[in-house]
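Engineer: Here you go, sequence then predicted model.
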Amino acid sequence: MAFFTRQTKPLRTGLAASALALCASLATAAEVPITIVINQSPWFPGFQAVVEKYEEDTGNTVNLDVNPFAGSLEKQRTAVRAGESPFDILIMNAGFFVEFYTGGFMQPLTGIDADFALSEDIFTFDDSVCWDATAKTITCDGDGQLVSVPVNPFLPLLHYRSDLYEEHGLEVPTTWDQLYENAKVMHNPPRMYGISQRGQRGAFDVTFDVFPYILSHGGGVIADQKGGDYTVTINSPETLAGMETYLKLANDVGHPSTAGQTQTNVIQNMATGRAGHIQGVPAPAQFDDPKQSAVVGKVDYAVVPGTEEHGPAPGLGHWLAGIPRNVSDENKQAALAFLTWFQTDEAQHAYAEAGSPPVSKAVMTSDMADEEPYRYMRALAASIPTAQLTFTIPEASQVLAVTELRLNQAIGGELELKEALNMAAEEIAKVLSDAGYDAPMLDPLQ
């Protein structure tokens, strides 16, 4: 494997299992080398390891072009518009994959091999693997075509110090109020913060981390993108309530500079024993490695809390692998061979063993989940059915540019919360209106 670092509802079909078995047998055939463009992230080492296993098992070559989050996205945008893409597989994030679908840049996978199917054990993540080009909507029903394969179930879980829960006789919270009370017990700054939250502005950073708060209060950013209702709701009373819950935790029992906390900071706060809770994607290898962690065996996982009315509602930030139309037929076949192999039970187990969460429900709920290193799996499997896509419009990056700025300013105290949400609403409405959407606004928060 060549490795380049740059500085810059499970799908159920009667034929899926048999078709996958047939395709998997073909995946061991000799294929031309392929290149995958991917982001650097906590789950990347697991993906790298499973790529190496694929190479060992098949003799085929996979090159990885690894970049920071924003750098990977820009490379993908450039690649699909070139005469021929230098990348045979794009690893697309939940916040931006729709722009590649709506642009017609992705090759329907059955257009490469009519017998190709998604394994019945692989989650579809709110049908995000399928696209109906005629209706211009995300769906695996009707004329929806399979255009991608999930590669990482990037959604937040509640991480908590199980040893401190036992010491203080605490119960795992299911609501934000319960989490607040538990965090108060642990809060003893500067030695320990009750919770560490990500609040730093980025490409899809603070917005991703506040989604579980606002969605579980019945709020959001845009009313119903899938259903065609583009009313801007970021300044709704429900979204306000979700943000007030986030800020209550941050201000009362959180890190003193939440607005400056990145994903790396949050993980390090937990790994060094300075956080009683974090909300983040599972990266258990970092907490169970004595070389990286002071809390080995002391971190456990649960579904993120919600409200009594709406329950938990984690936002999907998962990753999908798709094949661009503008690569050769030979390279499309080679890319599909990898995606076929990646879905197999063997590959998914190896993926988990390498430290990356799998995308197979069968693996997440297997006996493997009872083993200490994989104790996060059952919480992950329980979270996926309630997880929601955050953006299903190609203008997501423009909307995110607004939410990342205004939410960060509210968290940091630069803007009063209601002012920040009202400003964001006006700016998002302009983005949507300029793009041709009917995007009415709510009355401003007073």
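Structural biologist: Here it is on my side, so go on. Numbers count the residues shown, from 1 in each chain.
Engineer: which SS class is the closest residue to residue 218 other than its chain neighbours?
Structural biologist: The shortest distance from residue 218 to any non-neighbouring residue, by CB to CB, 6 or more residues apart in numbering, is to residue 238 (4.1 Å). All C-beta spots, glycine's among them, are computed from the backbone N, C-alpha and C. On the three-state scheme (DSSP: H, G, I helix; E, B strand; the rest coil), residue 238 is labelled helix.
Engineer: Quick one: residues contacting residue 238.
Structural biologist: 214, 217-220 (CB atoms under 8 Å, 6 or more residues apart in numbering).
Engineer: try residue 324
Structural biologist: For residue 324, the contact set (CB under 8 Å, 6+ apart) comprises 79-80, 85, 87-88, 90, 105-107.
Engineer: partners of it in the sheet?
Structural biologist: Judged by DSSP bridges, the bridge partners of residue 324 are residue 106.
Engineer: and it, how far is that from residue 147?
Structural biologist: Here the distance between residue 324 and residue 147 works out to 11 Å (CB to CB, to the nearest Å).
Engineer: between these two, what contacts are shared?
Structural biologist: Jointly contacting residue 324 and residue 147 under the rule CB under 8 Å, 6+ apart are 106-107.
Engineer: List the buried residues in the strand or helix carrying residue 54.
Structural biologist: Per DSSP states H and E, residue 54 falls inside helix 44-58. Under the neighbour-count criterion of 16 or more other CB atoms under 10 Å, helix 44-58 has 44-54, 58 buried.
Engineer: do the same with stretch 438-446
Structural biologist: Neighbour-count burial for stretch 438-446 [16+ other CB under 10 Å]: 439, 441-442, 445.
Engineer: ditto for stretch 369-378
Structural biologist: Across stretch 369-378, burial judged by 16+ other CB under 10 Å covers 369, 374-378.
Engineer: Quick check: bridge partners of residue 275?
Structural biologist: Beta bridges link residue 275 to residue 193 when assigned by DSSP bridges.
Engineer: now do residue 302
Structural biologist: For residue 302, the beta-bridge partners are residue 158 (DSSP bridges).
Engineer: Next one, pLDDT for it please.
Structural biologist: pLDDT, residue 302: 98.
Engineer: That one reaches residue 379, doesn't it?
Structural biologist: Yes: in terms of CB atoms under 8 Å, residue 302 counts as a neighbour of residue 379; the distance is 5.2 Å.
Engineer: Quick check: neighbours shared by those two?
Structural biologist: Here residue 302 and residue 379 have 157-158 as joint contacts, going by CB under 8 Å, 6+ apart.
Engineer: Take stretch 49-64, keep the C-alpha atoms, and write them as PDB.
Structural biologist: Extracted C-alpha coordinates of stretch 49-64, given in PDB (Å, rounded to 0.1, in the frame of the first residue of the first chain):
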ATOM      1  CA  ALA A  49      -5.100  -1.500   8.600                       C
ATOM      2  CA  VAL A  50      -8.100  -3.000   6.800                       C
ATOM      3  CA  VAL A  51      -6.700  -1.800   3.500                       C
ATOM      4  CA  GLU A  52      -3.400  -3.500   4.300                       C
ATOM      5  CA  LYS A  53      -5.400  -6.700   5.000                       C
ATOM      6  CA  TYR A  54      -7.200  -6.400   1.600                       C
ATOM      7  CA  GLU A  55      -3.800  -6.100  -0.100                       C
ATOM      8  CA  GLU A  56      -2.500  -9.200   1.800                       C
ATOM      9  CA  ASP A  57      -5.600 -11.200   1.000                       C
ATOM     10  CA  THR A  58      -6.000 -10.300  -2.600                       C
ATOM     11  CA  GLY A  59      -2.600  -9.100  -3.900                       C
ATOM     12  CA  ASN A  60      -4.200  -6.000  -5.100                       C
ATOM     13  CA  THR A  61      -2.800  -2.500  -4.500                       C
ATOM     14  CA  VAL A  62      -4.600   0.400  -2.800                       C
ATOM     15  CA  ASN A  63      -3.000   3.800  -2.500                       C
ATOM     16  CA  LEU A  64      -4.200   6.200   0.200                       C
END
